[in-house]
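Q: Can you look at this prediction? I've put the sequence above it.
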Amino acid sequence: MNQSHSDTYITSSVAQDNQGRVLDLGRGSCPINRLQSPTSRDRLKNLRILQCNINGISLTASRIKLDQILELADAHQVSVIALQETKLQAKHLLKVKGFNIVRQDRPSSGGGLVFLIRDVYYQKIPNPDPQNTCLESLGIRILSRNQNVNIINLYHPPNNQRFNVEEFENYFGESTVILGDLNAKHATWGCATTNARGQELEDLANDKGFLFLNDSTHTYLSLSYNTTDVLDLTLISPDIFPYSSWRVLDHIGSDHSPILTEINFKIRTLRTTNLSWNFGKANWNNFESILTERLSQSPLTEDLEREWAYFRDSIFIAAKRTIPRGKGKKRVKDFTNSPHNSETIQKLLADRDQLLRNYVQRADDETRIQINKINADIIRSYIDIKNNFVLDIYNLLGTTLFEFGLQNTQFWTGNWQKRLIGRNLKRKIRTPSPNQMVLLL
């Protein structure tokens, strides 16, 4: 297949200055900012794919599920995460450090698909011509020297509409993984019943020679109806089936379990080198000028999350232009933006995991009530911890601006101060070191 440089993306935790906004990467309204750079040498590793119907990440309270997915991705060295039912809309900003994002939002509420991709070369696959169907699809091609792999991410809501076979069969090709939640049921992959869509999918897979990796392990648990089922499917083309493995992982708070697929042949990935900020050689006058100019260009809105993202990106842009970077000693992080790593959240998650295991073995109303209660506690604690974390950052930023003599910038003199720092400036906080304004972001 002929391909141009413009439709091939190198995904890593690095953004090069000339990339700016990249079409179809869904990284929001600001340029991409990352703190690592790739070396010229590639390395090889197995392709690992993590899939999950996450059942919503549009609300702050639901982002803990994404944090858990990212933790699983790190633990299993996953390069591609495929999510269904994100329930994102165009107004929702989604940024994940270290990942490029390919997303497709449903015009109406619900649905939605996302790929999170890191450390691999990839290309977005154009969708087939849209048909009068409820099927949502999003595809990428992982590029490697010896063999490319297509990954097709699908979601179909639980209605009675049948597949458009002509549209659906376009996804079946060589070196292809088809995954997602199609709400298709069939005994072949472990369902207790078979519906019309499941029979259509089974017939089409047989016609195309595709195989199901599912091993009858249940991937869906409904606490409301006390049922389990196999709704999350993974199909694979016969040429790469012998190299594949598949397993269901622990619950993350969604009613669907995450699934790990590994393809045991080597793909080309990027080797990255950590770069450290050299604050001793920073040009703080230019830093102030760039930051003031950017902040003066942004009209204030009531969307605090978007304002915070723009301010954070402005800090990075100013830092990258005025503070040298190079290889240095590995630093210990003083801050984390993952509230789910707190002891409180970790204990609640461990308790919920044990309750879920008990519920699968012996479903009863008392355990179900306990699970629902602990889920509410997790959401409440997550929001409280995240809010406190952000307020602490605002306080540190305010104090650091005074240390740098930047209190007269647009950030400090305008409504940015009132909105981002607010009353919490009066709280007793420790004095940050001069480099923390960049490092804490």
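A: Cool, the structure landed. Numbering: from 1, shown residues only.

Q: Just the pLDDT at residue 241, thanks.
A: The per-residue pLDDT reported for residue 241 equals 97.

Q: does the nearest residue to it once chain neighbours are set aside have beta-bridge partners, and which?
A: The shortest distance from residue 241 to any non-neighbouring residue, by C-beta to C-beta, 6 or more residues apart in numbering, is to residue 211 (5.1 Å). Glycine gets a C-beta too; all of them are placed from N, C-alpha and C. Judged by DSSP bridges, the bridge partners of residue 211 are residue 236.

Q: Is it correct that residue 211 is in contact with residue 235?
A: Yes: Residue 211 is in contact with residue 235 according to C-beta atoms under 8 Å; the separation is 6.9 Å.

Q: ok, back up a step: mind checking pLDDT for the residue nearest to residue 241?
A: At residue 211, the pLDDT recorded in the model is 97.

Q: Over to residue 368?
A: At residue 368, the predicted lDDT confidence score is 82.

Q: roughly how far apart are it and residue 225?
A: Going from residue 368 to residue 225 by C-beta to C-beta, to the nearest Å gives 10 Å.

Q: again, but for residue 175
A: 38 Å.

Q: which stretches of the stretch 51-200 of the chain form strands?
A: Along the stretch 51-200 of the chain, the stretches classed as strands by DSSP state E, counting those that start in this stretch are 80-84, 100-104, 113-117, 121-125, 136-143, 149-155, 176-181.

Q: same thing with the stretch 201-350 of the chain?
A: Under DSSP E, counting those that start in this stretch, the stretch 201-350 of the chain gives strands at 211-212, 220-222, 227-229, 232-236, 244-248, 259-274, 276-277, 325-326.

Q: quick one: strands adjacent to the last one?
A: Using DSSP bridges, the neighbouring strands of strand 325-326 in the sheet come out as strand 276-277 (antiparallel).

Q: same deal with the third one?
A: Taking DSSP bridges as the criterion, strand 227-229 forms sheet pairs with strand 220-222 (antiparallel).

Q: For the strand it pairs with, what is the distance to the chain centroid?
A: Distance of strand 220-222 from the chain centroid (C-alpha atoms, centre = their mean, to the nearest Å) equals 22 Å.

Q: Could you give me the buried positions within it?
A: For strand 220-222, the buried set under the neighbour-count rule, 16 or more other C-beta atoms under 10 Å, comprises 220, 221.

Q: same deal with stretch 283-291?
A: 287, 288, 290, 291.

Q: Is it correct that the last one is in contact with residue 314?
A: Spelled out, it's residue 291. Yes: the criterion here is C-beta under 8 Å, and residue 291 meets it with residue 314 at 5.8 Å.

Q: Contacts for stretch 374-383, please.
A: With contacts defined as C-beta atoms under 8 Å, 6 or more residues apart in numbering, stretch 374-383 is touched by 60-64, 253, 339-340, 342, 344-345, 348-349, 351-352, 355.

Q: Among the residues you listed, which one lies nearest to residue 74?
A: Nearest to residue 74 out of these is residue 340 (C-beta to C-beta; 12.7 Å).

Q: Show me where this protein dips below the pLDDT cut-off.
A: 1-42, 129-132, 271-274, 302-305, 327-341, 389-441 (pLDDT under 70).

Q: ranges for the helices of it?
A: Using DSSP state H, the helices of the chain run over 63-75, 165-168, 196-208, 284-296, 304-322, 343-361, 365-404, 410-413, 415-416, 436-439.

Q: Alpha carbons only: can I get the second one in CSV?
A: By that I understand helix 165-168. Extracted C-alpha coordinates of helix 165-168, given in CSV (Å, rounded to 0.1, in the frame of the first residue of the first chain):
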residue,chain,number,x,y,z
VAL,A,165,-23.0,-7.1,6.0
GLU,A,166,-21.5,-5.2,3.1
GLU,A,167,-20.2,-2.6,5.4
PHE,A,168,-19.0,-4.9,8.0
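
Q: shared neighbours of residue 211 and residue 235, anything?
A: Joint contacts of residue 211 and residue 235 (C-beta under 8 Å, 6+ apart) are residue 205.

Q: circling back to that earlier point, taking the buried residues of stretch 283-291, tell me the two that lie furthest apart.
A: 288 and 290 (7.5 Å).

Q: Residue 101 and residue 115 touch, don't they?
A: Yes: the criterion here is C-beta under 8 Å, and residue 101 meets it with residue 115 at 7.1 Å.

Q: Tell me which of the two has more neighbours.
A: When neighbours are counted by other C-beta atoms under 10 Å, residue 115 comes out ahead of the other of residue 101 and residue 115, with 25 against 20.

Q: Run a quick check on the more buried one versus residue 142, I expect a contact.
A: No: using C-beta under 8 Å, residue 115 is not in contact with residue 142, being 10.5 Å away.

Q: re earlier: is it possible to mark the buried ones in the contacts of stretch 374-383?
A: Here, 16+ other C-beta under 10 Å leaves 62, 63, 64, 253, 339, 340, 342, 345, 348, 349, 352, 355 buried among the contacts of stretch 374-383.

Q: with these in mind, which one is nearest to residue 153?
A: residue 62 (19.1 Å).

Q: Can you report how many residues neighbour residue 112?
A: 24.

Q: More neighbours: which of residue 211 and residue 235?
A: Legend: neighbour count by other C-beta under 10 Å for residue 211 and residue 235, higher for residue 235 (25 against 15).

Q: which residues touch that one?
A: Contacts of residue 235 by C-beta under 8 Å, 6+ apart are 177, 178, 179, 205, 210, 211, 212, 213.

Q: Let me have the strands of the stretch 51-200 of the chain in TSV, extended by distance to residue 196.
A: Listed next are these as TSV, based on distance: least, C-beta to C-beta, whole Å:
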stretch	distance to residue 196
strand 80-84	21
strand 100-104	26
strand 113-117	23
strand 121-125	28
strand 136-143	19
strand 149-155	17
strand 176-181	17
